[in-house]
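Q: Got a sequence here, can you build the structure:
(one chain, ligands or ions: 1)
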Amino acid sequence: MRVVVAGATGWAGSALSLGIAEAPDLDLVGAVSRSRSGELMGDVLGVAEFPVPISGTASEALASTPDVFVEYTHPGVARQNILAALDAGAHVVVGTSGLTNDDFAVIDESAGVRGLGVLACGNFSITAVLMMKFSELAAQWVRSWEVIDYASAGKVDSPSGTARELAERLTSLGPPEMVVPVGDTKGAKEARGADFGGTQVHSIRLPSYVISVESIFGQEDERLTIRHDAGTSAQPYVAGGLLAIREVGKLIGVHRGLDTVMDLG
Ligand SMILES: NC(=O)c1ccc[n+]([C@@H]2O[C@H](COP(=O)([O-])OP(=O)(O)OC[C@H]3O[C@@H](n4cnc5c(N)ncnc54)[C@H](OP(=O)(O)O)[C@@H]3O)[C@@H](O)[C@H]2O)c1
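A: Got it, this is the predicted structure:
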């Protein structure tokens, strides 16, 4: 399977590119980075015998006719890269965050008419996907929950993409039960967190945290906590990225979430 990675020199894209290089069934045939254009991936990653050329644009890299194009760059360029890849006949795996529902509608139409698949995953970490699945299962039995997301002091966006996705998934099962509605809170209502359709999300931003998310389910005299913690490397996102690359060719149109291809029931 021939693969192009856009954003191959980035924090997430370089780890995935190394994973592709080590996979016997995958062949990295092109890479995209503006600042390292003209260099070879082997030199950038410090790996011998990896003579994959780096292009400055997705269009140039797509001349290598990949089966799968991986988008791992920046929201400002992601939509145009994905549409170019579909035009070139490649299935697409999207890791870049920040695409809107409008973007996905346009991408879905383009993929659909071409019979190509697009798999967009807000989080490629298999354990993070399991945390969400386990939380959805818990919400079917315990009807009161809240979400906490923890990240480093320097993280500017809140809540994290994973916490937002978790809250939206839980809310889609029906809003949680609340004894005191947030609107009836005495004092600072903000202390009850941000409201995602009824799911309250609390973002902690402090030195020493990396990135974690926690769903807490409570009922009388008992409580269930489901928590995911990621470290500082991009390694948690590699196995899921490779799975998405291998499976996206079985899909047509846009599909959201790695669990689409994990057969979790
Ligand atoms: N789904 C997941 O599990 C997951 C995990 C981690 C990160 N992400 C998301 O993936 C994206 C990348 O994250 P990151 O931490 O790897 O970022 P990063 O370290 O800044 O890397 C970005 C990569 O994209 C390239 N790039 C940026 N703008 C470009 C443009 N306009 N044209 C071509 N290439 C461009 C950069 O190279 P040049 O600057 O040289 O062009 C670099 O190779 C973000 O949206 C992030 O939120 C998702």
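
Q: Break down the protein into its strands, ranges please.
A: 2-6, 27-32, 54-55, 68-71, 91-94, 117-120, 145-151, 194-196, 199-205, 211-219, 222-230, 253-256 (DSSP state E).

Q: got a markdown table for those, with mean neighbour count too?
A: Where C-beta positions appear, they are placed from N, C-alpha and C, glycine not excepted. Converted to a markdown table, those look like this (neighbours: other C-beta atoms under 10 Å):
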| stretch | mean neighbour count |
| --- | --- |
| strand 2-6 | 27 |
| strand 27-32 | 24 |
| strand 54-55 | 22 |
| strand 68-71 | 29 |
| strand 91-94 | 29 |
| strand 117-120 | 26 |
| strand 145-151 | 22 |
| strand 194-196 | 17 |
| strand 199-205 | 18 |
| strand 211-219 | 20 |
| strand 222-230 | 15 |
| strand 253-256 | 19 |
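
Q: Let me have those strands in TSV, adding distance to residue 21 as columns.
A: Formatted as TSV, those follow (distance: least, C-beta to C-beta, whole Å):
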stretch	distance to residue 21
strand 2-6	10
strand 27-32	6
strand 54-55	14
strand 68-71	13
strand 91-94	16
strand 117-120	21
strand 145-151	30
strand 194-196	39
strand 199-205	35
strand 211-219	26
strand 222-230	23
strand 253-256	26
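
Q: Any chance of those strands in JSON lines with distance to the ligand and mean pLDDT as columns?
A: Formatted as JSON lines, the strands of the chain follow (distance: least, C-beta to the nearest ligand atom, whole Å; pLDDT from 0 to 100):
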{"stretch": "strand 2-6", "distance to the ligand": "6", "mean pLDDT": "98"}
{"stretch": "strand 27-32", "distance to the ligand": "5", "mean pLDDT": "97"}
{"stretch": "strand 54-55", "distance to the ligand": "9", "mean pLDDT": "98"}
{"stretch": "strand 68-71", "distance to the ligand": "8", "mean pLDDT": "98"}
{"stretch": "strand 91-94", "distance to the ligand": "8", "mean pLDDT": "98"}
{"stretch": "strand 117-120", "distance to the ligand": "8", "mean pLDDT": "98"}
{"stretch": "strand 145-151", "distance to the ligand": "13", "mean pLDDT": "97"}
{"stretch": "strand 194-196", "distance to the ligand": "19", "mean pLDDT": "95"}
{"stretch": "strand 199-205", "distance to the ligand": "16", "mean pLDDT": "97"}
{"stretch": "strand 211-219", "distance to the ligand": "10", "mean pLDDT": "97"}
{"stretch": "strand 222-230", "distance to the ligand": "9", "mean pLDDT": "97"}
{"stretch": "strand 253-256", "distance to the ligand": "11", "mean pLDDT": "96"}
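
Q: burial measure for the closest residue to the ligand within the stretch 151-265 of the chain, as a count.
A: Using C-beta to the nearest ligand atom, the closest approach of the stretch 151-265 of the chain to the ligand is made by residue 237 at 4.3 Å. Look at residue 237: counted by other C-beta atoms under 10 Å, it has 25 neighbours.

Q: Fine, thanks again, bye for now.
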